[in-house]
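In: Output the structure for:
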Amino acid sequence: MSLTLPLVSNSLIPHTPSLTIFSPSDTAFTQSGQPPLSILRLHFSPLSFPLNSLESLSLGAKIPSLFPNYSLTVTSTGDDVSLNGVKIKDSPVYDDGSLVILGVDRFFDTGFGSSGQNLGCSVKAGSDYYSFNEVSRVLKSKGYSVMASFLDLQLMAGFTDKTALTIFAPVDEVIKASLGDLREYSSMFLKHVVPCKIMWGDLVNLDDRVVLET
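Out: Numbers count the residues shown, from 1 in each chain. Below is the predicted model:
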């Protein structure tokens, strides 16, 4: 990888204040040969991900890569974190706070998860809209007041009643038990909101491994 970096630094790596490189081992290069640029792009993320940050991510979390319109997926968590089914070495090769280099045994696969359909926001059922204020009131009456409060904040930020959303709302007890730091609440809210409307009948009929962008 050290020989590859100078060759691709101008054409592949943008000028960015932070970068994570998932560096394949020498054995990976020996077995696979020099990969095409499309594969190499998967091994660069324009964000800094120290190992402890990766270990704290939830299963299925997405990490942006330099491959256009493609994110790496967290496929195992904790001490044995893996992305796209490839295990991350348990100690960083290099970490200065802005540039992080983590070792991997093999190359990421651009076809990982291709058997699953990425719906993005293509699932939209019906054309009627509901008042977010009414939705917030109903949520609060049924034990989802934390999610209702965050929905209220989105209205203040400029959402309109014609913004199509699907909200997967944890009950208050679950949120309060799992989150101790108020700074984590915003991230939690965004992970539970899909920016399009999905009816229950559509949801239960989706195939396994369908991806919903949040």
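In: contacting residues for residue 63?
Out: Applying C-beta atoms under 8 Å, 6 or more residues apart in numbering, one finds that residue 63 lies in contact with 45, 47, 49, 57, 71-74, 83. Placement of C-beta: from N, CA and C, glycine included.
In: before we move on, what about residue 99?
Out: Contacts of residue 99 (C-beta under 8 Å, 6+ apart): 18-21, 48.
In: Swap in 7 Å and give it another go.
Out: residue 19 (C-beta atoms under 7 Å, 6 or more residues apart in numbering).
In: Using the record's domain definitions, break the chain down for me.
Out: 4-104, 132-204 (automatic domain parsing).
In: Kindly reformat those domains as TSV containing mean pLDDT and distance to residue 212.
Out: Listed next are these as TSV, based on pLDDT from 0 to 100; distance: least, C-beta to C-beta, whole Å:
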stretch	mean pLDDT	distance to residue 212
domain 4-104	87	10
domain 132-204	77	5
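In: Compile the ones you listed into TSV and extend it with columns for distance to residue 213.
Out: Output for the domains of the chain, formatted as TSV (distance: least, C-beta to C-beta, whole Å):
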stretch	distance to residue 213
domain 4-104	8
domain 132-204	7
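In: hey, which helix is longest across this protein?
Out: Determined from DSSP state H, the single longest helix within the chain is helix 145-156.
In: just curious, which of the contacts of residue 63 is nearest to residue 148?
Out: residue 57 (26.6 Å; C-beta to C-beta).
In: Flag every buried residue along stretch 133-144.
Out: Within stretch 133-144, the residues scored as buried using 16 or more other C-beta atoms under 10 Å are 135-136, 139-140, 144.
In: So which residue is smack in the middle of this structure?
Out: residue 62 (2.1 Å; C-alpha atoms, centre = their mean).
In: so that residue makes contact with residue 71?
Out: Yes - in terms of C-beta atoms under 7 Å, residue 62 counts as a neighbour of residue 71; the distance is 3.9 Å.
In: just the helices in the protein please.
Out: Under DSSP H, the chain gives helices at 4-8, 26-32, 37-42, 51-56, 132-141, 145-156, 172-178, 185-191, 200-204.
In: May I see the ones you listed organised as JSON lines, with distance to residue 88 added?
Out: JSON lines is the format used below for these (distance: least, C-beta to C-beta, whole Å):
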{"stretch": "helix 4-8", "distance to residue 88": "19"}
{"stretch": "helix 26-32", "distance to residue 88": "13"}
{"stretch": "helix 37-42", "distance to residue 88": "14"}
{"stretch": "helix 51-56", "distance to residue 88": "6"}
{"stretch": "helix 132-141", "distance to residue 88": "38"}
{"stretch": "helix 145-156", "distance to residue 88": "32"}
{"stretch": "helix 172-178", "distance to residue 88": "24"}
{"stretch": "helix 185-191", "distance to residue 88": "21"}
{"stretch": "helix 200-204", "distance to residue 88": "32"}
